[in-house]
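Asks: The following block contains a protein sequence and its predicted model.
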Amino acid sequence: MQRRDFLKVVGVGAAMVVVQPSMIGQKLYADNGTMFKTYDKVQLMDADGNPILASNLEKEKNYVFNYPHVATPCFLLALAEKVSGDVKLKSEDGEEYLWSGAVGKENNIVAYSAICSHQLTHVNPADSFISYIPKKQKTMAYAEGGVIVCGSHLSAFDPAKGAKKLSGPASEPLASIVLEHRDDDTLWAVAVLGPDKFHSFFKAYKPEFKLYFGGKRKAKKFVTVAAQTVPLTKYSKEVIQY
């Protein structure tokens, strides 16, 4: 298994906590316990049940999987360039944490919650108003591409820096999905780092959960064993980008 740099989580007024994601099976509390949570290790698989291999990911293409709940969508991205880690981030409440970077042989693979931290705009089977904009593509939300943009209110986030907010009304980063990249080139989701918004999300979209998942209770179930990972264009019928 590839050994990444230790993941560091910093709580306001608290000592730094250092942990290696592959070695933990319980919740890690940073300050009030909201900034880092581990879940079952889940392997990313394609629609045919084959393992997603890091080296096969198309660069700058939006891929989507659900984690840690069956109804909470996430982006998987192979960025165009190598990503440096240890980016200090802060939640809306002022709680600080450290994003330790990307995975993969090129250190360019990242994953984030596809639920906007502003007003919960998210990827769903009908449409997506939030997605990654490639570097050579223009966006109304920011001067450059290479960013994740929420089309609802034009917040832009930097996927190379822990989904740090760059512009727009969002007040905090997107939650990061902590990945493991193993020696066989497979990818595994193991934890969530940052303000995840899951509680508010499950309160806000009950009709949607009934339509797509058979109700809120089923939508809140945790993903186990494997998470189907597909291009955004196959997950959502319509992708709206501004």
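Replies: Nice, thanks for sending it over. Numbering: from 1, shown residues only.

Asks: residues contacting the closest residue to Ile52 other than its chain neighbours?
Replies: Spatially, and ignoring its direct neighbours in sequence, Ile52 is nearest to Leu44 (4.1 Å; Cβ to Cβ, 6 or more residues apart in numbering). Quick note: C-beta positions are derived from backbone N, CA and C, even for glycine. Leu44 makes contact with 51-52, 65, 76, 186-189, 226-227, 229, according to Cβ atoms under 8 Å, 6 or more residues apart in numbering.

Asks: Show me the one in the residues you listed that has more neighbours than the rest.
Replies: The residue in the contacts of Leu44 with the most neighbours, by other Cβ atoms under 10 Å, is Leu76 (29 neighbours).

Asks: What residues are recorded as beta-bridge partners of that one?
Replies: Under DSSP bridges, the beta-bridge partners of Leu76 are Tyr63, Ala111.

Asks: mind listing what the spatially most central residue of the chain touches?
Replies: For the chain, Tyr112 is the residue whose C-alpha lies nearest the centre (Cα atoms, centre = their mean; 1.3 Å). Tyr112 makes contacts with 74-75, 77, 148, 157, 159, 163, 174-177, as judged by Cβ under 8 Å, 6+ apart.

Asks: Secondary structure for the contacts of Leu44 - can I get that in a markdown table?
Replies: Below are the contacts of Leu44 laid out as a markdown table (DSSP: H, G, I helix; E, B strand; the rest coil):
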| residue | secondary structure |
| --- | --- |
| Pro51 | strand |
| Ile52 | coil |
| Phe65 | strand |
| Leu76 | strand |
| Thr186 | strand |
| Leu187 | strand |
| Trp188 | strand |
| Ala189 | strand |
| Ala226 | strand |
| Ala227 | strand |
| Thr229 | coil |
